[in-house]
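Peer 1: Just the structure for this:
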Amino acid sequence: MHRFGLHSLLLAVFAIASVLSSGVVRAVDAAAISTGGNGRGAPPGMACHGVDGGGMAAAGNPRLAAIDAAYLGKQLDDFANGTRVSPIMQPVAKALADDERQALATYYAKLPLPATLA
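Peer 2: Got it, this is the predicted structure:
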């Protein structure tokens, strides 16, 4: 009887460890995605929106720094689900997982307004 209990306990620990290592629980590093992409098709945000999130007006790429996180998150979600159309942003947003889109929205919202725009 004692051996069966230990066996069950070991199976439970193994199952929990498997879930945790499977990526179900993960922290999203939005700063890393903004500088290096996500490795699954989303390029670095800084390539079009600048290192400081100030955008690249001459190229038509908007500022993301210091814009409301809920607004940014909705725009990314709308690009991902096709509600908002952009041949550039739709594939980028679709390559981001839900938690990555929300983390990026929060990351850019927390960036200060670039000095050139202040």
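Peer 1: need the contact list for the residue nearest to the spatial centre of the chain.
Peer 2: The centroid of the chain falls nearest to residue 100 when counting by Cα atoms, centre = their mean (2.0 Å). Taking Cβ atoms under 8 Å, 6 or more residues apart in numbering, we find residue 100 in contact with 28, 30, 33, 38, 42. (C-beta placed from N, C-alpha, C; glycine too.)
Peer 1: what's the closest of the residues you listed to residue 113?
Peer 2: residue 30 (18.1 Å; Cβ to Cβ).
Peer 1: so that closest one touches residue 110, yeah?
Peer 2: No - Residue 30 lies out of contact with residue 110 (Cβ atoms under 8 Å); the separation is 9.3 Å.
Peer 1: which of these two has more neighbours?
Peer 2: More neighbours surround residue 30 than the other of residue 30 and residue 110, with 21 against 12 (other Cβ atoms under 10 Å).
Peer 1: Excluding chain neighbours, give the residue nearest to that one in space.
Peer 2: Closest residue to residue 30 apart from its sequence neighbours, by Cβ to Cβ, 6 or more residues apart in numbering: residue 107 at 3.5 Å.
Peer 1: Can you check the pLDDT for the one you found?
Peer 2: Listed pLDDT for residue 107 reads 98.
Peer 1: Can you classify it by secondary structure?
Peer 2: helix (DSSP: H, G, I helix; E, B strand; the rest coil).
Peer 1: Kindly supply the ChimeraX command isolating those of the contacts of residue 100 that are buried.
Peer 2: ChimeraX command restricting the contacts of residue 100 to the buried ones, with burial defined by 16 or more other Cβ atoms under 10 Å:
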select :28,30,33,38,42
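Peer 1: Contacts only, for the residue nearest to residue 83 when sequence neighbours are not counted.
Peer 2: Once flanking residues are discounted, residue 83 sits nearest to residue 77: 7.9 Å by Cβ to Cβ, 6+ apart. Neighbour list for residue 77: 83, 93, 98, 101 [criterion: Cβ under 8 Å, 6+ apart].
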